[in-house]
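Engineer: What shape does this take:
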Amino acid sequence: MAILISNAAAMAKQDLDELGPVKKPLSWPAAVLTGKKFIDEAPGIDSMGIWECSPGRWERTIMQEEFAHFVKGSARFIPTHGVPIDIHAGDTIWFPANSTGVWEISEDVRKVYVIIDRPSFWQRLKASIRLPWKSWSEPSGLPVASAATGSAAEPALVWHAEPRKT
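Structural biologist: Got it, this is the predicted structure:
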């Protein structure tokens with residue numbers, strides 16, 4: 001199933017969920033997070049959605065790979081090892097797993113993100129052992145639905161922040 005987030009920058013803040021303050025604030029008041037998940041743990045993806053942060057400075061470790069497109073505001077990410085990255089609305093970025101550093105949010109910033117789930121060697125090994133057991137324990141003759149493939153007849157999920165102008 002395809003997921004379209006139409007005009008994420010224009011989505012009303014009240015349509016986002018309150019996620020609370022950042023975990024490791026370096027300024028006060030602590031920056032506050034809001035967001036909306038559209039995918040939560042699909043094969044190969046940990047999550048996908050919209051994330052917004054109010055101004056502030058805070059420490060962050062990005063445990064998994066992240067792909068993000070910023071649709072509103074500006075920020076700076078200062079990697080623990082590396083050159084500061086200035087990010088503005090319209091910019092797209094990819095963070096490798098275990099990226100550490102400090103976020104400096106100068107104005108409300110909003111991004112559309114995908115957290116990529118690349119299983120470790122041990123997770124892949126465990127899954128490969130589980131796969132033969134799963135197929136052996138399924139009743140014979142019954143079709144098994146696959147979350148990875150889905151059905152070609154499924155409609156796309158579309159989120160419209162505001163009505164489209166024609």
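
Engineer: Give me the sheet partners of the top strand by length along the chain and which way each runs.
Structural biologist: Using DSSP state E to define each element, the chain has its longest strand at strand 32-42. Counting by DSSP bridges, the strands paired with strand 32-42 are strand 17-21 (antiparallel), strand 45-53 (antiparallel).

Engineer: so where's the protein uncertain?
Structural biologist: 123-124, 131-166 (pLDDT under 70).

Engineer: List phi and psi for Lys13.
Structural biologist: phi -60, psi -30 (degrees, to the nearest 10).

Engineer: And it, how far from Ser54?
Structural biologist: Computed as C-beta to C-beta, to the nearest Å, the Lys13 to Ser54 distance reads 10 Å. For every residue, glycine as well, the C-beta is placed using N, CA and C.

Engineer: How about the residue nearest to Asp86 when sequence neighbours are not counted: which residues does it bridge to?
Structural biologist: Using C-beta to C-beta, 6 or more residues apart in numbering and skipping the chain neighbours, the partner closest in space to Asp86 is Arg76 (5.3 Å). Under DSSP bridges, the beta-bridge partners of Arg76 are Asp86, Glu104.

Engineer: I'd say Arg76 and Val83 touch.
Structural biologist: No - taking contacts as C-beta atoms under 8 Å, Arg76 lies outside contact range of Val83: 10.8 Å.

Engineer: Name the residue in the two with the higher neighbour count.
Structural biologist: Arg76 (15 against 6; other C-beta atoms under 10 Å).

Engineer: contacting residues for that one?
Structural biologist: Listed by C-beta atoms under 8 Å, 6 or more residues apart in numbering, the contact set of Arg76 reads 84-87, 103-104, 106.

Engineer: Over to Glu107. Which of the three states is it?
Structural biologist: Here Glu107 takes the coil state, with states given by DSSP: H, G, I helix; E, B strand; the rest coil.

Engineer: Count residues in the vicinity of it, would you?
Structural biologist: Counted with other C-beta under 10 Å, residues neighbouring Glu107 total 12.

Engineer: Equivalent analysis for Ile105, please.
Structural biologist: By other C-beta under 10 Å, 22 other residues sit near Ile105.

Engineer: got it, and Leu26?
Structural biologist: Neighbour count for Leu26, taken as other C-beta under 10 Å: 14.

Engineer: Which residue comes closest to it once chain neighbours are left out?
Structural biologist: Arg57 (4.4 Å).
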